[in-house]
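**Q** turn this into a structure:
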Amino acid sequence: MDIKYAINQLKQNQTVFKGLLQNKLPEESLWRPEEGKWCLLEIACHLLDEEQKDFKARIQYIFEQPEYDLPSINPVAWIKEHDYMSKNYEEVVATFLDERQQSVTWLRGQIDANWEQKLKHPKLGEMSAKLFLANWLAHDYLHIRQILRLQYNFLKSHSRLNLDYAGNW
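**A** Modelled structure (predicted):
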């Protein structure tokens with residue numbers, strides 16, 4: 001995987017996330033297709049937490065402290081610990097987009113770093129900075145897909161119209 005390519009994709013995904021997440025009606029940001037599924041607010045909060053506390057922080061940790069084991073995190077617990085549902089949706093989205101810009105700027109400053117540098121993940125074994133970068137990009141794609149599915153289901157639920165003409169989802 002080319003490091004510059006991955007960083008540029010993360011930058012492009014910032015634009016994708018902006019288009020997918022901004023300018024939502026309040027009922028759309030809080031709507032969930034069924035109990036136990038995330039709404040847009042929870043997704044945006046998760047993306048922000050991941051941006052601040054996971055991928056960038058872990059790559060930085062690898063570069064600065066490769067001799068130590070990686071501290072554990074619990075993104076699933078963050079939903080309640082960080083009280084996602086009390087957050088202001090527009091503020092969370094704006095903060096996430098700003099954090100992404102900061103991440104891209106920081107990553108571009110690391111082009112010449114040792115991306116093969118590894119450390120030990122407590123459950124997954126040795127992981128390199130390059131592996132974390134690739135997974136950061138994959139994480140983006142998973143949530144882009146999740147947001148698109150949520151938006152399709154919101155349209156289907158709220159329009160109460162047959163959407164078969166559009167094609168198969």
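
**Q** following element in sequence after the helix or strand hosting H46, please.
**A** Assigning secondary structure by DSSP states H and E places H46 in helix 40-53. Remark: after helix 40-53, the chain's next helix or strand is helix 55-64, criterion DSSP H and E.

**Q** tell me which residues of that next one come out buried.
**A** F55, K56, A57, R58, I59, Q60, Y61, I62 (16 or more other C-beta atoms under 10 Å). Heads up, the C-betas are built off the backbone N, CA and C, glycines and all.

**Q** the worst-scoring helix or strand of the chain on mean pLDDT pairs with which strands, and in what direction?
**A** Least confident helix or strand of the chain, by mean pLDDT, DSSP states H and E, is strand 118-121 with a mean of 85. In the sheet, strand 118-121 lines up against strand 125-128 (antiparallel) (DSSP bridges).

**Q** just the CA coordinates for the strand it pairs with, please, in PDB.
**A** The C-alpha trace of strand 125-128 is given here as PDB (Å, rounded to 0.1, in the frame of the first residue of the first chain):
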ATOM      1  CA  GLY A 125      -0.200  -9.300  18.000                       C
ATOM      2  CA  GLU A 126       2.300  -7.300  16.000                       C
ATOM      3  CA  MET A 127       0.800  -4.400  14.000                       C
ATOM      4  CA  SER A 128       2.700  -1.900  11.900                       C
END
